[in-house]
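*Asks:* Build me a structure from this.
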Amino acid sequence: MRSFPVLNAGELERADVPVAEAMAAIESALAVLGRNAAQQPHPCALVPEPGGFFQPIAAALPEEDVACVNWLTYHPDNPARGLPHSGGVLILNRFSSGEPLCVMDGIWVSHRRSGYIAGLGARYLAGRFQDVAIIGPGAIAAFAVDAICALGPIAGELRVCGRRLESAQRFCAQIVSRHGIRTGAYADPRAAVEGAGLVLTATTHSGAPFLAHDWLSGGALVIMIDRLRVVTRNLLAGASRIVTNSRDSLARWGLQDQARACETLPEIVAAGRYRPVGADEITLYDAGGLAVADLALAALVWRRLNERNVGAS
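*Replies:* Numbers count the residues shown, from 1 in each chain. Coordinates of the predicted model:
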């Protein structure tokens, strides 16, 4: 087998892909998926420890002649071992021949994909909002803020809630340096989301759900990057609308009825329909991972690196 590049995070950064361009590539891939012109099988999973997983997510965009698998891992006890809790290795191939093009840092791709899909969810589903609340001030949340700011400036306050106030404060300082927007740090999630028109959850929470219906105001869009980790059953039951990336995935959370009735974001994007939440409604968007989005971003980064003669080295 011929050799091919193995690209770490530093090398991927050299592609210097603007957020808006990355979002456009992912948006195009979602539309292809919504038209059933992409291939994306439901992923399997291995369970190495409670709450952990190995999960290969795979997709193909035949019209672009690319395919990938991103072998994602999560081991919640790894920090105690001195290791990161998340990992990923992405293999990018030519679809028509199977030729391997490169291997990439899969977490670099998946973190950005998660944040940028959240931004696309806001583009298609949010109403007019002033304040934005984030629960879970981690790397993915930072990329989600980048994506939202790429849509336009945040008019109100970015409220950031973490388990520890210090982590929320550090995140706020990071965002101020990147975007110069007004921020506030919180340790109380209810206070953080009160009156916010856009709420993003991006936690590793493993306890009882806590985000309740009566915490939210009418016109709120909740983007659940962490799936349904923090959302209470009364919020799920009281939401005016649930949008997901995958009905099968939503059904695996025990929401078979909602999965059958809900729309998917790829279908909404493919139809070119903007569906902003109404002033008296609450919309939930289950922004779980989409392999086709990893593929779109990876292929774009690979093209940019080759244009700069980085990926081929």
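*Asks:* could you pull out the strands for the stretch 51-200 of the chain?
*Replies:* 53-61, 66-74, 86-94, 100-105, 132-135, 158-161, 183-186, 198-201 (DSSP state E, counting those that start in this stretch).
*Asks:* Just the C-alpha atoms of the third one, please, in CSV.
*Replies:* What follows is the C-alpha trace of strand 86-94 in CSV, where atoms were taken according to Å, rounded to 0.1, in the frame of the first residue of the first chain:
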residue,chain,number,x,y,z
SER,A,86,-12.0,12.0,23.7
GLY,A,87,-10.1,10.9,20.6
GLY,A,88,-10.6,10.4,16.9
VAL,A,89,-8.9,9.2,13.8
LEU,A,90,-10.5,10.1,10.4
ILE,A,91,-9.6,8.3,7.2
LEU,A,92,-10.5,10.2,4.0
ASN,A,93,-10.8,8.1,0.7
ARG,A,94,-11.6,8.6,-2.9
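*Asks:* and that strand, which strands flank it?
*Replies:* strand 66-74 (antiparallel), strand 100-105 (antiparallel) (DSSP bridges).
*Asks:* ok, now the last one?
*Replies:* Each strand paired with strand 198-201, and its direction, by DSSP bridges: strand 132-135 (parallel), strand 220-224 (parallel).
*Asks:* okay, the strands of the stretch 51-200 of the chain, which one's buried deepest?
*Replies:* Burial of these is given as mean neighbour count (mean count of other C-beta atoms under 10 Å); strand 132-135 ranks first at a mean of 30. C-betas here are computed from N, CA, C, even on glycine.
*Asks:* circling back: take the strands paired with strand 86-94 and write them to TSV, including mean pLDDT and distance to residue 275.
*Replies:* Below are these laid out as TSV (pLDDT from 0 to 100; distance: least, C-beta to C-beta, whole Å):
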stretch	mean pLDDT	distance to residue 275
strand 66-74	97	29
strand 100-105	97	33
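*Asks:* Quick one, which of the ones you listed gets closest to residue 7.
*Replies:* strand 100-105 (4.9 Å; C-beta to C-beta).
*Asks:* Span of stretch 276-293 from start to end?
*Replies:* One end of stretch 276-293 sits 22 Å from the other (C-alpha to C-alpha, to the nearest Å).
*Asks:* buried set for that stretch?
*Replies:* Of the residues in stretch 276-293, those with enough neighbours to count as buried (16 or more other C-beta atoms under 10 Å) are 276-277, 282-293.
*Asks:* farthest-separated two in the residues you listed?
*Replies:* 282 and 291 (28.8 Å).
*Asks:* need the helices for the stretch 201-313 of the chain, in chain order.
*Replies:* Counting by DSSP state H, counting those that start in this stretch, the stretch 201-313 of the chain has helices at residues 233-238, 247-251, 256-261, 265-271, 291-307.
*Asks:* give me the number of residues near residue 82?
*Replies:* Number of residues near residue 82 (other C-beta atoms under 10 Å) recorded here: 6.
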